[in-house]
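In: quick check, what structure comes out for this input:
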Amino acid sequence: AGTEKTDDSKEAASGSVYYLNFKPEQDQQWQDLAKAYTDETGVPVEVVTAASGTYEETLKSEIAKSDAPTLFQVNGPVGLAAWKDYCADLSGTDVYSHVKSDDFVLKDGDEVKGIAYVLETYGLIYNKTVLNAYCGMDGAKVSSIDEINSFAKLKEVADDIQSRLAEVSEAAGPEYDLKGAFTSAGMDSSSDWRFKTHLANLPIYYEYKADGITSTDAIKGTYLDNYKNIFDLYITDSTCAPTDLANKTATDAVTEFTSGEAVFYQNGTWEYTGIKDAGLTDDDLGMLPIYIGVDGEENQGLCTGSENYWCVNKNASEDDINATLDFLDWCVTSEAGTSAMADNMGFVIPFKAAKEATNVFVKADAEYTAAGKTPVSWNFTTMPSEDWKNGVGTALTQYAAGTGSWDDVKTAFVQGWATEYAKANG
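Out: Sure thing, here's the model as predicted:
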C-alpha cells in the first residue's frame, strides 16, 4: 500500500513543500534547486537549514507547529526509532520505485519509512601538491603517497612534516606556509562531530567486525587505544596548540587547509564544493583512509555510507504530502535535479537515474574499492544517542586541554554507551 501518489497531483499543484534540511554545506544549492522547481511547477518549496549540530532539537520544535516540515530526515535506525510515528509509508511511491536497492531504505516491518538520498565518504583529505613535494625531499619517510597505508606510516610522515614545516612549505611552492601537518581538530559544535562521531566510528567498526555484530547494547572499547593514537596525532601534529581546540571551528579547519597551512584534513565528500570554491583544484586533492593501527588496515578503504534518509511527514495534509512526493521524484529523476545533486552538491545518490558525480573524493572511494580495499561501514548510526556523542566530545575536549584524562574518554565511551542505550531502549 503506502502513501499513494494521485495522478492529478501535478495539475492540482495545490500543496506546498517545507524541507527541513540537515546539511548546512549544501544550503545554498538546496535553495537554488527549490527555486528552480517552483519556477517550473508553481509549487512553493521552502527549505530551512538547521544550524550545525542542532538538527534534532530544531526538528522537535518545528514538527509541533501547525506548518510543520513536510520533509525531514533521520540518520538511520536509531533516528527512525525516535521519529517513525511521524513517517509516512513510502512503499507505493514513485520516489521509492527509483531507489537502486532496499539496501538504501529504512523499514519498519514492511513499511518504507526512510529513503537514503546521498551516499557519502570521509577520510583524510590531503593536499596532493604538498604531499608529492614532500615525497621528493631528502630524508622523506616515503617516496610515494601510495606507501602511506598504515597508522605507523601516517605518523612517520606527519611527525616528519611537523618537524620541518618551513622546509616542506618551500618545496611545495610560494603559496604554502604550513603551520601544521593536520588542520585544527576543532571541538566547538560546528566541528566536534568529526571526532565524537566520524572518528569514533573507527573503533566501533573494528569492534563490531571482530565480534561479528552490527550493533550492541554495551560497547567494550576494544579499540579505544587506537582511537587515542589517531586523536593524539591530530592534536600534536597540528596548526595550533591542543589547549586552543575547544574554540576552534569547522571554518577554521577548512580555511587552514584551503589557504595552504595544513596537509591533512579529516572530512568528507560534502566538503568538495567548498574546497574547490576556495581555489584548490582536483589536481591538489586526494583522500586517504583513516588508519588507527589495526592489523590488516592496509586493506582498509575509506568510510562510506549514509546518515541521511528522507522521511515524509504523514501528519501533513494530503496535498502537501503529494506535493512533497512530486518534488522528491523530480529531484532524483529530472535533468535539473540529478545535475544539481551530482554537480552542485557533489552527491552520489542511490537512485537509478543518478548522474556520475564529478567529486574527486567520490572517485577516490571508487578507486580504493576497485583496488580490492574494504570500505569502512558507517556504524555511528548505531550510537545510542546525541547525549552519548556529546559526552564523548566533552571528554575529548578536556583531554586535549589537559584538564581531563584519556580514562575519562573511555568512561564516556563505554559506560556512557550502556547508560544511554538503556535510557533509549527502556
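
In: can you dump the C-alpha coordinates of the helix or strand hosting Lys228 into PDB?
Out: Element membership for Lys228, per DSSP states H and E: helix 224-236. Output in PDB follows, covering the C-alpha atoms of helix 224-236 (Å, rounded to 0.1, in the frame of the first residue of the first chain):
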ATOM      1  CA  LEU A 224      40.000   2.700  22.200                       C
ATOM      2  CA  ASP A 225      43.800   2.700  22.400                       C
ATOM      3  CA  ASN A 226      43.800   3.000  18.600                       C
ATOM      4  CA  TYR A 227      41.300   5.900  18.900                       C
ATOM      5  CA  LYS A 228      43.700   7.600  21.200                       C
ATOM      6  CA  ASN A 229      46.600   7.100  18.800                       C
ATOM      7  CA  ILE A 230      44.900   8.900  15.900                       C
ATOM      8  CA  PHE A 231      43.400  11.600  18.100                       C
ATOM      9  CA  ASP A 232      46.900  12.200  19.700                       C
ATOM     10  CA  LEU A 233      48.400  12.500  16.200                       C
ATOM     11  CA  TYR A 234      45.700  15.100  15.200                       C
ATOM     12  CA  ILE A 235      46.200  17.300  18.200                       C
ATOM     13  CA  THR A 236      50.000  17.000  18.300                       C
END
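
In: got the buried residues for the helix or strand following that helix?
Out: Note on helix 224-236: by DSSP H and E, the next helix or strand toward the C-terminus is helix 250-258. Under the neighbour-count criterion of 16 or more other C-beta atoms under 10 Å, helix 250-258 has 250, 252-254, 256-258 buried. C-betas here are computed from N, CA, C, even on glycine.

In: now stretch 47-55
Out: Going by neighbour count (16+ other C-beta under 10 Å), the buried part of stretch 47-55 is 47, 49-50, 52-53, 55.

In: what sits against Glu46?
Out: When contacts are counted by C-beta atoms under 8 Å, 6 or more residues apart in numbering, Glu46 touches 16-19, 34.

In: try it again with 7 Å
Out: Residues near Glu46 by C-beta atoms under 7 Å, 6 or more residues apart in numbering: 17-18.

In: partners of it in the sheet?
Out: Tyr18 (DSSP bridges).

In: which two from the buried residues of stretch 47-55 end up farthest apart in space?
Out: Val47 and Gly53 (18.7 Å; C-beta to C-beta).

In: thinking again about what came up before, what mean pLDDT does the helix holding Lys228 get?
Out: On average, the pLDDT along helix 224-236 is 98.

In: what's the answer for stretch 163-181, then?
Out: pLDDT averaged over stretch 163-181 gives 98.

In: which residues does it contact?
Out: 129-130, 133-134, 137, 158, 161-162, 237-239, 256, 260-264.

In: can you say which of the residues you listed are buried?
Out: Counted by 16+ other C-beta under 10 Å, those give 129-130, 133-134, 137, 158, 161-162, 237-239, 256, 260-264 as buried.

In: and those, which of them are in strands?
Out: Judged by DSSP state E, the subset of the buried ones among the contacts of stretch 163-181 located in strands is 262-264.

In: make JSON lines from those and add distance to Trp406 and pLDDT to it.
Out: Shown next, in JSON lines, are those (distance: C-beta to C-beta, whole Å; pLDDT from 0 to 100):
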{"residue": "Ala262", "distance to Trp406": "24", "pLDDT": "98"}
{"residue": "Val263", "distance to Trp406": "26", "pLDDT": "98"}
{"residue": "Phe264", "distance to Trp406": "22", "pLDDT": "98"}
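
In: related to what we said a few turns ago, out of the buried residues of stretch 47-55, list just those in helices.
Out: Tyr55 (DSSP state H).

In: and the buried residues of stretch 47-55, which is closest to Ser61?
Out: Of all the buried residues of stretch 47-55, Ser61 sits closest to Ala50, with 10.1 Å by C-beta to C-beta.

In: so who does the closest one touch?
Out: 20, 22, 58.

In: any idea where the strands of this structure begin and end?
Out: With DSSP E applied, the chain shows strands at 17-21, 45-49, 71-74, 105-108, 111-116, 120-127, 180-182, 262-268, 285-288, 300-305, 309-312, 374-377, listed in chain order.

In: same list, those, but as TSV with distance to Val414 please.
Out: Shown next, in TSV, are those (distance: least, C-beta to C-beta, whole Å):
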stretch	distance to Val414
strand 17-21	33
strand 45-49	34
strand 71-74	26
strand 105-108	27
strand 111-116	29
strand 120-127	24
strand 180-182	26
strand 262-268	23
strand 285-288	28
strand 300-305	22
strand 309-312	28
strand 374-377	21
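
In: these: which one's closest to Ser97?
Out: strand 111-116 (10.6 Å).

In: contacts only, for the closest residue to Met187 other than its chain neighbours.
Out: Spatial nearest neighbour of Met187, chain neighbours left out: Thr397 (4.2 Å); criterion: C-beta to C-beta, 6 or more residues apart in numbering. Counting by C-beta under 7 Å, 6+ apart, Thr397 makes contact with 187, 245-246.

In: how about Trp388?
Out: Applying C-beta under 7 Å, 6+ apart, the residues near Trp388 are 416-417, 420.

In: take these and lay them out in a markdown table including pLDDT and distance to Val112.
Out: Shown next, in a markdown table, are the contacts of Trp388 (pLDDT from 0 to 100; distance: C-beta to C-beta, whole Å):
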| residue | pLDDT | distance to Val112 |
| --- | --- | --- |
| Gly416 | 98 | 32 |
| Trp417 | 98 | 29 |
| Glu420 | 97 | 28 |
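
In: which ones among these map onto helices?
Out: Using DSSP H, the contacts of Trp388 in helices are 416-417, 420.

In: list the buried ones in stretch 73-84?
Out: Buried, per 16+ other C-beta under 10 Å, within stretch 73-84: 73-80, 83-84.

In: export those residues to JSON lines and tack on pLDDT?
Out: Output for the buried residues of stretch 73-84, formatted as JSON lines (pLDDT from 0 to 100):
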{"residue": "Gln73", "pLDDT": "97"}
{"residue": "Val74", "pLDDT": "96"}
{"residue": "Asn75", "pLDDT": "92"}
{"residue": "Gly76", "pLDDT": "91"}
{"residue": "Pro77", "pLDDT": "89"}
{"residue": "Val78", "pLDDT": "87"}
{"residue": "Gly79", "pLDDT": "91"}
{"residue": "Leu80", "pLDDT": "94"}
{"residue": "Trp83", "pLDDT": "96"}
{"residue": "Lys84", "pLDDT": "95"}
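
In: can you verify my assumption that Gly123 contacts Gln300?
Out: No - counting by C-beta atoms under 7 Å, Gly123 stays clear of Gln300, with 9.7 Å between them.

In: ok, these two, which is more surrounded?
Out: Gly123 (27 against 23; other C-beta atoms under 10 Å).

In: cool, thanks, signing off.
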